[in-house]
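[1] sequence below, structure please.
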Amino acid sequence: MNQIGRITPSGSITEFSTPTKSSGPFGITAGPDGALWFTEVVGKIGRSTTGGSITEFRLPTNCGPTSGCSPRGITAGPDGNLWFTELDGNRIGRITTTGSVTEFKIASTCGYPDGCGPIGITSGPDGNLWFTAFDGNSIWRLTPSGSFTGAFHTPTKTSRPFGITVGPDGNLWFTEYIGNKIGRLSMK
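    Below you'll find the predicted structure:
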């Protein structure tokens with residue numbers, strides 16, 4: 001299925017089809033413009049109104065569902081833009097609410113030929129973006145200006161961190177897909 005959906009408080013589900021067949025919608029977040037923004041593994045970022053009107057923005061890098069970029073996680077950033085991960089491209093992308101895209105290449109390959117495998121992303125309490133490096137077994141920090149300013153390795157090797165969010169305690173919490181653990185990165 002190539003749809004995004006809406007669930008009402010009564011449990012009624014509405015689905016909205018993406019304009020691109022086999023787009024592979026993956027991550028979704030509320031944007032600063034009142035729309036829903038989502039990633040499509042075929043190399044696009046989608047924007048949907050709450051009524052289901054969808055606009056797609058192609059990434060500047062030549063990519064598709066099996067090579068190039070494969071966008072996955074997405075979050076609203078502290079700068080009023082949307083930030084997303086490119087799993088296969090070893091990049092973090094930024095898209096404005098008008099559709100202008102900038103990509104930031106992660107310099108490190110994390111010991112893997114194809115890169116770190118960025119997948120989950122969130123806005124941190126410190127005003128930076130934080131993302132999981134699935135292949136790099138680490139959590140990375142990125143400033144809104146596009147500078148990578150640190151990587152924190154998980155204590156469990158090959159833990160494969162996946163999802164990430166800010167907890168009610170102000171720390172970063174993440175899942176370890178292979179490590180079968182929940183991790184916390186202290187922000188204090």
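[2] ok, residue 175 - contacts?
    With contact taken as CB atoms under 8 Å, 6 or more residues apart in numbering, residue 175 is in contact with 120, 161-164, 181-183. To be clear about C-beta, it is placed using only N, CA and C from the backbone, and glycine gets the same treatment.
[3] quick one: which of these has the most company?
    residue 161 (31 neighbours; other CB atoms under 10 Å).
[4] for residue 43, see how far away it is.
    For residue 161, the distance to residue 43 under the criterion CB to CB, to the nearest Å works out to 24 Å.
[5] quick one: which of the contacts of residue 175 sit in helices?
    Residues of those located in helices (DSSP state H): none.
[6] wait, residue 47 sits on residue 31?
    Yes: taking contacts as CB atoms under 8 Å, residue 47 lies within contact range of residue 31: 7.2 Å.
[7] now the common contact residues for the two.
    Common neighbours of residue 47 and residue 31, counting by CB under 8 Å, 6+ apart, are 37, 97.
[8] and the contacts of stretch 15-29?
    With contact meaning CB under 8 Å, 6+ apart, stretch 15-29 is reached by 1-6, 36-42, 44, 46, 48, 52, 54, 56, 65, 71-76, 82, 84.
[9] ramachandran angles for residue 80?
    Phi and psi for residue 80, reported as degrees, to the nearest 10, are phi 90, psi 10.
[10] ok, now which ones touch the nearest residue to residue 112 once chain neighbours are set aside?
    Using CB to CB, 6 or more residues apart in numbering and skipping the chain neighbours, the partner closest in space to residue 112 is residue 135 (4.5 Å). With contact taken as CB under 8 Å, 6+ apart, residue 135 is in contact with 110, 112, 114-117, 160.
[11] most neighbours of all those, which one?
    residue 116 (26 neighbours).
[12] what's the separation between that residue and residue 15?
    Per CB to CB, residue 116 is found 33 Å from residue 15.
[13] hmm, who's touching stretch 76-86?
    The contact list for stretch 76-86 (CB under 8 Å, 6+ apart) reads 27, 29-32, 37, 39, 45, 59, 61, 63, 69-75, 91-97, 103, 118-121, 123, 127-129, 131, 142, 144.
[14] report the central residue of this structure.
    With distances taken as CA atoms, centre = their mean, residue 73 lies nearest the centre of the chain, 1.9 Å away.
[15] what about that residue, which helix or strand?
    Residue 73 is located in strand 71-76, with elements delineated by DSSP states H and E.
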